[in-house]
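Trainee: Can you look at this prediction? I've put the sequence above it.
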Amino acid sequence: MTDTLARPNPISSDRAPRRGLYLLAGVVGLCVIAIASYLALAAYFLRSEAAQTPERAQFFASSIDDALTRLEHLPYVLSIDESTLDALVTGNTAELNPILDDIATRAGAEFVYVMDLNGKTVASSNYRDTDSLVGNYYTFRPYFRDAVAGGAGRFYAVGVTTGRPGYFIAEPVRDAAGTIQGVVTVKIGFNDLSRALSGNGELVLVADEQGVVLASSDPDLIYGYMSPLSDVDRQTLEEQQQFGDKTLFSLNWTPESARRARLDGTAYVWTKAYLEQEDWSLHLLSEVRNSRRQALLYVAGGLMTLLLLTVAASVYRAAQLRSALSLSNADRQRLTREIEERRIAEKKLESARSELAQKEQLAALGQLSASITHELGQPISAMRNYLVAEEIAADAQPNALWPQLSGLVDRMQRIVDQLRLFGRTSASDTTTFPVQHTIHAAVQLVQHTARKAGIDLNIHMPDQTITVRGRPERFEQVIVNLLRNGIDATEGQDAGILHLSMHEKDGSVVLTVSDNGHGLGDLNIADLSKPFFSTKPSGKGMGLGLAISGQIINEMGGTLYAENGADGGAVFVITLSIVDVANA
């Protein structure tokens with residue numbers, strides 16, 4: 001029995017290796033496909049590049065031909081000009097210099113100069129410069145010798161005087177008998193040509209018949225030679241001073257085939273074109289790695305697409321699983337919501353019952369307070385009158401004879417006042433009234449109490465009249481209650497201060513009552529507005545003032561807010577909508 005239980009399941013034991021083999025085979029197959037695709041795409045892009053480069057190479061060659069022939073007419077035009085011949089015959093060449101300067105500037109030539117038969121420059125467009133050509137001899141230049149011999153001179157060289165490369169075009173100056181009197185030469189700068197080649201984004205080389213690079217999109221390759229120079233070529237270059245003081249160097253150039261070459265170890269697609277004007281060759285080089293990089297990007301894009309499809313399939317399957325799980329949990333969630341809704345409904349019902357009980361209690365207390373205040377008002381007034389009469393008879397200060405009895409009478413009077421305030425009803429309809437007048441009336445009622453308690457009342461209100469809608473006598477009750485609460489809160493302070501300020505904001509009037517008393521602590525307006533809730537000691541109140549005040553402000557369409565002041569004390573804020581009397 002033990003042997004039977006310990007024997008592994010052959011189906012289960014084979015499943016894991018098979019999965020591993022399938023995964024390995026899939027990875028190997030994907031790698032093979034990716035490599036094959038890369039090789040095929042690289043070959044395709046190389047063929048496409050090789051097919052497109054001859055046309056671009058010929059375009060560059062034609063552009064250089066155009067640049068070299070752009071000013072070939074200018075030496076001939078100057079050679080047949082009478083002023084040029086007169087200057088050479090008379091030797092008065094000073095007036096010719098500014099003319100050549102203006103012509104060079106307008107034609108865009110680097111230099112325009114005139115030489116006599118000895119090869120001496122007698123006039124030049126750069127006669128003002130420190131490196132002026134005037135007075136220099138150029139008999140060693142082939143273009144001069146060709147022009148003196150009666151032909152047109154063409155030659156590339158680095159200027160001996162300026163050190164800048166250029167293409168020289170020369171024409172002989174003949175008199176009426178056809179005798180050559182001198183040579184006119186125009187130099188076309190080569191630096192601008194190299195800069196133009198560098199803007200196409202490809203590697204371009206322009207080489208002369210000896211293989212020396214004359215212009216290139218890469219300035220570091222200029223004056224390098226693509227094939228070894230023979231001793232004869234080197235001697236000719238030194239005699240003609242074609243490259244001035246420039247040092248020629250060997251390029252790391254290796255042709256691999258008719259269309260492939262390497263330069264400095266980098267493989268290129270090589271396209272060669274020839275110029276018509278000179279026996280020069282143009283070499284257009286496109287890096288092989290660009291085609292390989294493009295093929296690699298295509299393969300990477302294909303793999304990324306495959307990966308995204310795989311991820312999308314996985315996400316879709318996961319979404320189906322989540323959907324099934326969501327459906328399986330629907331009943332449980334619905335039951336949870338029903339239980340929570342029932343709890344919320346029970347809380348709302350309990351709150352409604354509590355609120356209804358408070359309202360019933362307030363209604364009953366309102367009826368009771370009316371009868372109590374009526375019954376106790378006259379006895380308390382009589383007691384106060386008796387005390388005052390005794391004090392007058394004894395010529396004593398107020399509350400001097402029986403201070404304890406006077407205090408008890410005051411406490412009884414405050415309780416009766418709160419009951420009267422709670423039970424008071426007004427049959428008058430709402431009306432518009434100025435807020436400032438009602439506030440002044442309320443201040444008058446509490447001013448004596450504040451003065452007696454040693455509390456300063458600071459009142460700040462705007463000069464313009466602000467009007468609201470409501471019952472002015474009930475709003476006065478609110479202000480009196482807030483001021484009395486502030487007096488009670490600051491009573492006993494060394495420097496009790498009670499601030500009342502008012503300002504307009506967004507079509508509403510904001511009235512603020514603040515003090516420097518003990519503050520609200522952790523209480524908020526909701527706690528303070530509960531009926532019979534009071535922080536005052538016994539006999540100081542019944543906890544109905546703020547509850548009634550909040551009810552009055554709500555009836556007026558406003559809000560009552562309370563918070564602790566930043567510097568201590570409590571802050572009560574009333575916000576009411578302003579009524580335009582003209583449109584009321």
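Mentor: Arrived safely, thanks for sending. Residues are numbered from 1 along each chain as shown.

Trainee: what ranges of the stretch 101-250 of the chain fall below the confidence cut-off?
Mentor: Along the stretch 101-250 of the chain, segments meeting pLDDT under 70 span 192, 196, 199-201.

Trainee: all helices for it, in order.
Mentor: If DSSP state H, counting those that start in this stretch is used as the criterion, the helices of the stretch 101-250 of the chain fall at 142-148, 191-198, 231-240.

Trainee: Asn329: which of those helices is closest?
Mentor: Proximity of the helices of the stretch 101-250 of the chain to Asn329 was assessed by C-beta to C-beta; the nearest stretch is helix 191-198, lying at 67.5 Å. (Glycine included, C-beta is placed from N, CA and C.)

Trainee: Could you dump the helices of the stretch 101-250 of the chain into TSV with distance to Leu520 added?
Mentor: Formatted as TSV, the entries for these read as follows, by distance: least, C-beta to C-beta, whole Å:
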stretch	distance to Leu520
helix 142-148	104
helix 191-198	79
helix 231-240	102
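
Trainee: Please name whichever of those helices is nearest to Ala109.
Mentor: From the helices of the stretch 101-250 of the chain, taking C-beta to C-beta, the stretch that ends up closest is helix 191-198, at 11.4 Å.

Trainee: Which other helices and strands does the closest one contact?
Mentor: With contacts defined as 3 or more C-beta pairs under 8 Å, 6 or more residues apart in numbering; DSSP states H and E, the secondary structure elements packing on helix 191-198 are helix 10-69, strand 213-216.

Trainee: thinking again about what came up before, most tightly packed of the helices of the stretch 101-250 of the chain?
Mentor: With neighbours defined as mean count of other C-beta atoms under 10 Å, these peak in mean count at helix 142-148, which reaches a mean of 21.

Trainee: now what about that one, what contacts it?
Mentor: Counting by C-beta atoms under 8 Å, 6 or more residues apart in numbering, the neighbours of helix 142-148 from elsewhere in the structure are 115, 117, 119, 138-139, 152-155, 168-172, 180, 183, 185, 240.

Trainee: Show the buried residues in these.
Mentor: Buried by 16 or more other C-beta atoms under 10 Å: 115, 117, 119, 138, 153-155, 168-172, 180, 183, 185, out of the contacts of helix 142-148.

Trainee: Test my guess that Pro75 contacts Pro172.
Mentor: No - in terms of C-beta atoms under 8 Å, Pro75 does not count as a neighbour of Pro172; the distance is 9.3 Å.

Trainee: unless I'm mixing things up, Lys246 is touching Tyr223, no?
Mentor: Yes - using C-beta under 8 Å, Lys246 and Tyr223 qualify as a contacting pair, with a distance of 5.0 Å.

Trainee: neighbour count winner among the two?
Mentor: Tyr223 (18 against 13; other C-beta atoms under 10 Å).

Trainee: correct me, but the more buried one touches Asp245?
Mentor: No - proximity of Tyr223 to Asp245 does not meet the contact threshold set by C-beta under 8 Å, at 10.9 Å.

Trainee: how far out from the middle of the chain is stretch 146-161?
Mentor: Computed by C-alpha atoms, centre = their mean, to the nearest Å, the separation of stretch 146-161 from the middle of its chain amounts to 61 Å.

Trainee: Could you do stretch 203-222 as well?
Mentor: In terms of C-alpha atoms, centre = their mean, the gap separating the centre of stretch 203-222 from the centre of its chain is 46 Å.

Trainee: Quick one: end-to-end distance for it.
Mentor: Start-to-end span of stretch 203-222 (C-alpha to C-alpha, to the nearest Å) is 12 Å.

Trainee: which ones are touching Asn564?
Mentor: With contact set as C-beta under 8 Å, 6+ apart, Asn564 has these partners: Gly519, Leu520, Gly521, Ala570, Val571.

Trainee: Oh, that last question was meant for Pro165, not what I typed.
Mentor: Residues near Pro165 by C-beta under 8 Å, 6+ apart: Tyr156, Ala157, Val158, Gly159, Gly189, Phe190, Asn191, Leu214, Ile222.

Trainee: Then Ile222?
Mentor: Counted by C-beta under 8 Å, 6+ apart, Ile222 has contacts Pro165, Ser194, Val213, Leu214, Ala215, Ser216.

Trainee: The first one pairs with what?
Mentor: The one in question is Pro165. When assigned by DSSP bridges, Pro165 has beta-bridge partners Val158.
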